[in-house]
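>>> kindly return the folded structure for what I paste below:
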Amino acid sequence: MRVNSTHIYGRDLTGVDRLTNNDVLHIYDVFDKDYIDSIFFKKGTPKYIVSDHITRFDGVKIYGLPLIAEKIARQLVNEIPFKNSTMTTSTCFNFVINKKQINRFLCIKLVELFKLSDFNYTWSGIDDKFDMSNIIAELDMLDTQSPLDNAARSFLLSPIRLKKRFINFSTSDTNNTSNINNIGTFQWQWENGIGDLFSNSAISLITESVSYQTAATFTEKILWSVLGLTFPIWIGGYNQASEWKRLGFDIFDDIIDHSYQSYDTLIERCYYAFSQNIQLLSNKEKAAKLRLNCKDRLLNNRELLIQNHLSKFIDLEISKFPEDLQAVMPEIVDPFRRLLTD
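So this is what the prediction gives:
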């Protein structure tokens, strides 16, 4: 079989004539159904689609592996000695936001809407407004089932009030219209503020790169939460918590109400992530006590990362793939794993 990777040929697969039943399409980074439909229309339909970011994608059959999360995890644990088991809870929760994306805009606006005050964060400050057309459509579709009254809806459509706060690398480029570029290595970020931000919070609001697709993806944000020993709440993705549990990690669903994750619309998944966990997000003493009570479980999650659990999960998943797909998987997996043997 032939592997066609967007990492090589670009998102438009320039240089690839047609995709057939003899092709594997490897999609680097996240994507949505519109992107898949566009590829099928322009290039044809491959036999298999493999994702290195998305592990669950509703609507189209994919073979998803957390390859980017595995790579980042190995970089972090190889470069930073995660031996400290003490926990200090200075704030209820944290979030880190760079790119201008809808779920991240909603995260900040909902922090403001619920008048939450005990948190730490980074935000690039790139544009305090967002095109809310799709969110308005979702709210209109929900009608009387909408979680927002008119006042809350109007507030959500207003600009962000929160002040920019970002950890700039020496060569950071702030001229981009969607995100700050050149923000340093993951090790540099951890050692220059991100580590303290996570380690001193009880809860992390995880805003992975998702828009409206019903998909789950994992990057450095959830890894930082695990390494910082915090409870995760995902703002946006679909069934993110259930997927992280399937990957083998404790999601603390006896403490965090993750029922928000399965709502049909993005606005519901974001809103209910806050409303169903509002006591923990607003009561530092309660959150800190629960975090201390769960210290062993939090440390166990971290130890899973340190002991290459993601690599073991990926290898087991590949062993379940069709044999013809298994045969070409090294062509996709090896570039992500070269750092492990360099």
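>>> would you map the strands across this structure?
2-5, 23-27, 48-51, 54-57, 63-64, 91-97, 119-123, 201-206, 215-217, 231-234 (DSSP state E).
>>> now stretch 62-79 - C-alpha only, CSV.
Taking C-alpha atoms only, stretch 62-79 is exported to CSV below (Å, rounded to 0.1, in the frame of the first residue of the first chain):
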residue,chain,number,x,y,z
ILE,A,62,-10.3,6.8,10.9
TYR,A,63,-7.5,5.0,12.7
GLY,A,64,-6.5,7.5,15.3
LEU,A,65,-3.3,7.4,17.4
PRO,A,66,-2.0,9.9,20.0
LEU,A,67,1.3,10.1,18.2
ILE,A,68,1.9,13.8,18.8
ALA,A,69,1.0,13.4,22.5
GLU,A,70,3.5,10.5,22.7
LYS,A,71,6.2,12.6,21.1
ILE,A,72,5.7,15.7,23.3
ALA,A,73,5.4,13.5,26.5
ARG,A,74,8.8,11.9,25.7
GLN,A,75,10.4,15.3,25.1
LEU,A,76,9.1,16.6,28.4
VAL,A,77,10.0,13.6,30.6
ASN,A,78,13.4,13.1,29.0
GLU,A,79,14.3,16.8,29.6
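>>> check the chain and tell me which residue is nearest its centre.
Glu208 (2.4 Å; Cα atoms, centre = their mean).
>>> what number of residues lie near the nearest residue to Phe130 once chain neighbours are set aside?
In space, and not counting its chain neighbours, Phe130 is closest to Phe105: 4.2 Å by Cβ to Cβ, 6 or more residues apart in numbering. All C-beta atoms are positioned from the backbone trio N, CA, C, and that covers glycine. A count of neighbours around Phe105, defined by other Cβ atoms under 10 Å, yields 23.
>>> give me the pLDDT for Phe105.
The score at Phe105 is 96. That number is its pLDDT.
>>> in TSV: the strands of the chain, plus mean pLDDT.
Listed next are the strands of the chain as TSV, based on pLDDT from 0 to 100:
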stretch	mean pLDDT
strand 2-5	96
strand 23-27	97
strand 48-51	98
strand 54-57	95
strand 63-64	98
strand 91-97	97
strand 119-123	95
strand 201-206	98
strand 215-217	95
strand 231-234	98
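>>> need those in CSV (columns: distance to Glu79 and mean neighbour count).
Putting the strands of the chain into CSV (distance: least, Cβ to Cβ, whole Å; neighbours: other Cβ atoms under 10 Å) gives the following:
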stretch, distance to Glu79, mean neighbour count
strand 2-5, 27, 17
strand 23-27, 27, 23
strand 48-51, 26, 23
strand 54-57, 25, 24
strand 63-64, 27, 20
strand 91-97, 19, 23
strand 119-123, 20, 19
strand 201-206, 21, 28
strand 215-217, 23, 29
strand 231-234, 23, 26
